[in-house]
Every structure is written in structure tokens, then in C-alpha cells.
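1. kindly return the folded structure for what I paste below:
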Amino acid sequence: MTHMHNDLADELSFALRLADEADAITMPRFRASDLVVDTKPDRTPVTDADRATERALIRAIEDGRPEHSILGEEFGETGGGAWQWVLDPIDGTMNYMRGIPVWGTLIALVHEGRPVVGVVSAPSLHRRWWGAAGLGAWGNDEPLAVSGVASIGDAQISFNERAEFARRGWLEGITNLADRSWRVRGFGDFWQHMLVAEGAVDVAIEASVNPWDMAAVQIIVEEAGGRYTDLDGMPDFSTGSSLSTNGLLHDDVLALFRR
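-> Numbers count the residues shown, from 1 in each chain. Down below sits the predicted model:
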């Protein structure tokens, strides 16, 4: 495994360089008066910054890791094989458009379907989180560790889009969880999961997500000592729902969502 760890250290430093490149595009466009916004076929917004960032990341990966495939939010999938970069150029596009600083670039390296390197860069929050399998997780150079809260009654939870829980048949679950917990907030998108990795939030939960929203999140939460699954308990970032916890609360939360 040591050889794999050395390789992953190289891949992590490459991913951090990719994040630098992304930040250099996203930050100057944030709050820019001439930001161009289009609507995608699924009615979600996309900006010129989303597309420019993903294009730059694709170019850098094709140069630096030509043997790896890529899955990106804006330009889809290219190539095949055991190693794949999964990219969300701007997670939190609606925040980005409205001048809210909670948005970030998500970069993951997935090996045979499992995330092994993750970087989440949120330059307008002055925060960056990263991790790699067996190498730990870090936020702004501080090691990350999840909380020790062991009871839902003492837990701070974060979720977004109550309507999505209703649509997927989980309204009762999220209502029960919210009612039993100490405090509920909607920090949203990648940020709530990074707050779990930091130990500031105990449970982050989403009913409707895409693979590029969660690949980087999963490995960072796991390497911070937490647990990541979908709402059916599968440790898979690509199934459409997500649950990050400190680990201690995970089974109790899943029990509320059992259909």
C-alpha cells in the first residue's frame, strides 16, 4: 500500500495545482458585472466561468495525466480506464451568480469507482480542503477531524431543498431528523459536508446530488474520520443521495430514512 500512498501524494499535489488554476479563473469572475449566465436543458444555470474553469482543468489533465479519463459537470465524460478525474468547476453556481461567497471547485480522482483524492477549493471563503486515501484530510493546512457528538439530540445537522426529500419519498425521514436534533441549518452544497469534516457540523444530508458534487466530498469526509454513504447506506458517491456524518451518528440517521 505504501507505493499507492506515494502515488496518491503525487496525485494530490497535482490536484492542488489544478485547484490553483481554477481559483485563478473563478475569483476574478465572481461579482463581475459582465458575468454571462445561460440556462441548461435541465433549467439549472451555468455561467461562462463554469465553462472556462472546466475547460482549463480538462486541458491541464490531458497534458499532465493523458492516460486518465475525465467526468465533468459541463462537458461530460471522455476516455476510459481505472483512473478518472471527476470535476465540478463551480459547485454553488446560484450562489456564485448572486454574489454569495459559498461556492467552490470540486476535484476528485477516482480509482475503479472509489474516490482516492479530493480537493474542494472555496477561494471567496478563503478555505480549501483536501484529502487522499491513507494520507488524512486537511483544511488550510490544519488536520481535519470530525466531531465526537454521539446523540442526534445533541447534533447540529445541515440539509438543503426540503422539496427534494419530499419528491424522493424521504420527507418523513428529514422531518424526524430535524425534530430530534439540537440545531438545524442549511449551509448547503459542498460546504455542509466540509463542516462535517471539520467537526463543526455533525450530519450533512442531501436527497438529490450528482456524482461531481460528491466524489471529492466523500474521500475528505472519510479521511477526516467520518462516514459517507447514500441514504440507502451504500458508500457510493454516484447514486443520487448523500449522507456525511461523524460516523457515530450514521446508523441512527440511516434508520430514519429506511423505507
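
2. list the contacts of residue 162.
-> Shown in contact with residue 162 (Cβ atoms under 8 Å, 6 or more residues apart in numbering): 171, 174. (Glycine included, C-beta is placed from N, CA and C.)

3. hang on, residue 184 in a helix?
-> No: assessed with DSSP: H, G, I helix; E, B strand; the rest coil, residue 184 is strand; it does not lie in a helix.

4. OK, contacts around it?
-> Under the criterion of Cβ under 8 Å, 6+ apart, the contact list for residue 184 reads 156, 157, 158, 159, 178.

5. domain parsing for this protein?
-> Listed by automatic domain parsing, the domain ranges of the chain are 2-143, 152-257.

6. now the ones you listed in TSV, with mean pLDDT?
-> Formatted as TSV, the entries for the domains of the chain read as follows, by pLDDT from 0 to 100:
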stretch	mean pLDDT
domain 2-143	94
domain 152-257	97
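
7. of the contacts of residue 184, buried ones?
-> Judged by neighbour count, with 16 or more other Cβ atoms under 10 Å as the criterion, the buried members of those are 156, 157, 158, 159.

8. dump those to JSON lines, plus distance to residue 194 and secondary structure.
-> Below are the buried ones among the contacts of residue 184 laid out as JSON lines (distance: Cβ to Cβ, whole Å; DSSP: H, G, I helix; E, B strand; the rest coil):
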{"residue": "156", "distance to residue 194": "14", "secondary structure": "strand"}
{"residue": "157", "distance to residue 194": "15", "secondary structure": "strand"}
{"residue": "158", "distance to residue 194": "11", "secondary structure": "strand"}
{"residue": "159", "distance to residue 194": "15", "secondary structure": "strand"}
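
9. separation between residue 87 and residue 50?
-> Taken as Cβ to Cβ, to the nearest Å, the spacing of residue 87 relative to residue 50 amounts to 10 Å.

10. what's the answer for residue 56, then?
-> Following Cβ to Cβ, the distance that separates residue 56 from residue 50 is 11 Å.

11. among those two, which residue is more densely surrounded?
-> Neighbours were counted for residue 56 and for residue 50 using other Cβ atoms under 10 Å; residue 50 has more, 26 against 16.

12. so what's the more buried one up against?
-> Residue 50 touches 73, 74, 89, 90, 93, counting by Cβ under 8 Å, 6+ apart.
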